[in-house]
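Novice: Sequence below, structure please.
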Amino acid sequence: MTKSLKAGGLIGVITSNRFLFTKSGESIRDFLAEHYEIINAIDLGDTKLFEAAVLPAILIGKKKSKTNGLHATHHQSSARFSKIYEDLNGYKGPFTSAISVYDILESGKQGYFKIGSRKYKKSSGVLRFSTLKGGLWCMLTKEEHEWVKEIERNSKTTVGDHFKVRVGIKTTADPVFIKSDWEALPSGIKPERELLKTLISQENIDKWKLNQTENLRVLNPYTSSNKKRTLVDIGEYPKAYAYLCSNEKRLKAREYVARSGRQWFEIWVPQNPYLWPFPKLVFPDISSSPRFYYDEEGKIVNGNCYWISATKERERDILFLIQGVSNSLFMTKYHDLVFNNKLYSGKRRYFSQYVENYPLPDINSTGS
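Specialist: Sure, this is the predicted structure:
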């Protein structure tokens with residue numbers, strides 16, 4: 001489309017809003033800012049305006065001329081935005097009645113609207129091009145922008161200045177490797193206890209603690225040697241091997257495991273066992289509220305969660321600081337404003353690039 005447009009030509013696109021906020025959309029945002037004067041971005045959020053199961057956005061831009069500086073990127077200030085979401089963050093009323101989402105968009109007003117039994121919040125203002133890692137586009141009103149900048153001015157570091165945020169293991173065959181009822185298996189194929197490790201997963205993680213409704217354990221055939229991952233000699237665990245052989249057809253269907261030069265019964269992304277025993281913070285990828293849990297019992301983390309590991313004793317206090325900040329309503333508001341990546345039903349994404357950019361106060365501060 002860009003090649004087909006003349007300088008000054010307009011582009012209008014309706015697509016998923018993911019390109020606005022995610023790390024994977026960084027190259028698209030850079031391309032758009034380089035080639036277009038962004039006129040308007042409209043995030044339709046969870047309005048379900050279209051039948052497709054996506055959170056849609058509308059982008060309108062004018063193609064720059066070559067002499068207009070194709071190398072100018074994120075410094076324009078004329079771009080406008082509007083965003084409409086059903087998540088009201090606890091607001092109870094009053095509401096302005098509207099006929100449709102289009103009616104809300106055309107009203108030119110901000111605030112809270114009601115269409116039948118459904119309620120929405122609409123915000124609008126100047127689109128701000130963030131200097132955070134990943135070049136996020138921030139849809140903030142003037143007041144919201146000032147609130148965010150005040151926090152950032154008073155922060156000392158970010159999570160990413162201290163730790164790398166990692167994703168959990170990915171087996172690509174969870175029903176084989178992960179169970180809560182290993183004890184129900186016949187004795188001949190019940191894996192040896194040494195290979196069954198307690199698992200932290202989306203299903204059993206709460207804010208501050210684990211719940212006991214899902215006693216998940218993962219069959220983890222790895223150990224650590226000289227800080228490197230080592231596959232156990234599966235011949236020394238005949239019951240576990242018999243169990244894996246009973247699922248051989250499914251596991252061997254993962255041809256990409258064999259192509260990578262690994263055994264057919266391995267976990268696809270096992271992470272490094274050396275790091276599991278260290279204190280760590282764990283949080284789910286998708287959640288309606290923050291659920292940051294501190295673990296120091298060597299539990300393994302599932303691929304639907306992220307984790308931060310402290311390998312030095314002095315880093316443990318920083319983990320506690322991050323947990324306190326991240327579980328707060330204060331940081332939830334910051335997350336919503338800066339990253340603004342909600343799914344349906346008010347659920348949020350806690351991508352690593354978001355959490356790594358959480359601002360932190362000075363841990364040595366004596367202020368209250």
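
Novice: Tell me the confidence at the closest residue to residue 209 other than its chain neighbours?
Specialist: Counting by Cβ to Cβ, 6 or more residues apart in numbering, residue 209 lies nearest to residue 293, which is 6.4 Å off, once chain neighbours are set aside. Quick note: C-beta positions are derived from backbone N, CA and C, even for glycine. Turning to residue 293, the model gives it a pLDDT of 97.

Novice: again, but for the one 4 residues further on
Specialist: At residue 297 the predicted local confidence, pLDDT, stands at 94.

Novice: surely it meets residue 197?
Specialist: No - Residue 297 lies out of contact with residue 197 (Cβ atoms under 8 Å); the separation is 10.4 Å.

Novice: just to revisit the earlier point, just give the number of residues close to the residue nearest to residue 209.
Specialist: 23 (other Cβ atoms under 10 Å).

Novice: Can you list the strands that the lengthiest strand in the chain pairs with?
Specialist: When the chain is parsed with DSSP state E, its longest strand is strand 118-129. Note on strand 118-129: by DSSP bridges, its sheet partners are strand 80-85 (antiparallel), strand 111-115 (antiparallel), strand 137-139 (antiparallel).

Novice: can you pull the contacts of the residue nearest to residue 209?
Specialist: With contact taken as Cβ atoms under 8 Å, 6 or more residues apart in numbering, residue 293 is in contact with 200, 205, 206, 207, 208, 209, 210, 281, 282, 283, 323.

Novice: circling back: looking at residue 297 and residue 197, which has the bigger crowd around it?
Specialist: Between residue 297 and residue 197, residue 197 has the larger neighbour count (other Cβ under 10 Å), namely 18 against 11.

Novice: okay, the one helix or strand the more buried one maps to in PDB with CA atoms only?
Specialist: If you go by DSSP states H and E, residue 197 is part of strand 196-200. This file holds the C-alpha atoms of strand 196-200, laid out as PDB (Å, rounded to 0.1, in the frame of the first residue of the first chain):
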ATOM      1  CA  LEU A 196       8.200 -35.200  39.200                       C
ATOM      2  CA  LYS A 197       8.600 -31.500  40.100                       C
ATOM      3  CA  THR A 198       6.000 -29.200  41.500                       C
ATOM      4  CA  LEU A 199       4.800 -26.800  38.800                       C
ATOM      5  CA  ILE A 200       3.600 -23.200  39.100                       C
END
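
Novice: For it, the averaged confidence score.
Specialist: 96.

Novice: Check which residues of that strand are buried.
Specialist: For strand 196-200, the neighbour count (16 or more other Cβ atoms under 10 Å) marks 196, 197, 199, 200 as buried.

Novice: swap in stretch 33-42?
Specialist: Neighbour counts over stretch 33-42 (16+ other Cβ under 10 Å) mark 33, 35, 36, 37, 38, 39, 40, 41, 42 as buried.

Novice: what sits opposite the closest residue to residue 272 other than its chain neighbours in the beta ladder?
Specialist: The spatially closest residue to residue 272, leaving aside those adjacent along the chain, is residue 229, at 5.2 Å (Cβ to Cβ, 6+ apart). Applying DSSP bridges to residue 229 gives these bridge partners: residue 224.

Novice: coming back round to it: what's the average pLDDT for the longest strand of the chain?
Specialist: Averaged across strand 118-129, the pLDDT comes to 84.

Novice: now swap in stretch 97-114 and tell me
Specialist: 90.

Novice: With stretch 44-52 instead?
Specialist: The model assigns stretch 44-52 a mean pLDDT of 82.

Novice: Would you pull up how far it lies from the middle of the chain?
Specialist: Distance, stretch centre to chain centre, for stretch 44-52: 21 Å (Cα atoms, centre = their mean, to the nearest Å).

Novice: which of the buried residues of strand 196-200 lies closest to residue 159?
Specialist: residue 200 (18.7 Å; Cβ to Cβ).

Novice: For the closest one, list the residues it contacts.
Specialist: 168, 210, 282, 293, 295, 299, 300, 301, 302, 305, 307.

Novice: Just flag the most distant two among those residues.
Specialist: Farthest pair in these, by Cβ to Cβ: 168 and 210, 14.3 Å.

Novice: So the two - more neighbours on which side?
Specialist: Set residue 168 next to residue 210 and count neighbours by other Cβ under 10 Å: residue 168 wins out with 22 against 19.

Novice: for the protein, what helix or strand is lowest in average pLDDT?
Specialist: The weakest-scoring helix or strand in the chain, judged by mean pLDDT, DSSP states H and E, is strand 137-139 (a mean of 76).

Novice: tell me the domain boundaries of the chain?
Specialist: Domain assignment of the chain by automatic domain parsing yields the ranges 10-139, 166-360.

Novice: so who does residue 170 touch?
Specialist: Residue 170 makes contact with 267, 268, 269, 303 under the criterion Cβ under 8 Å, 6+ apart.
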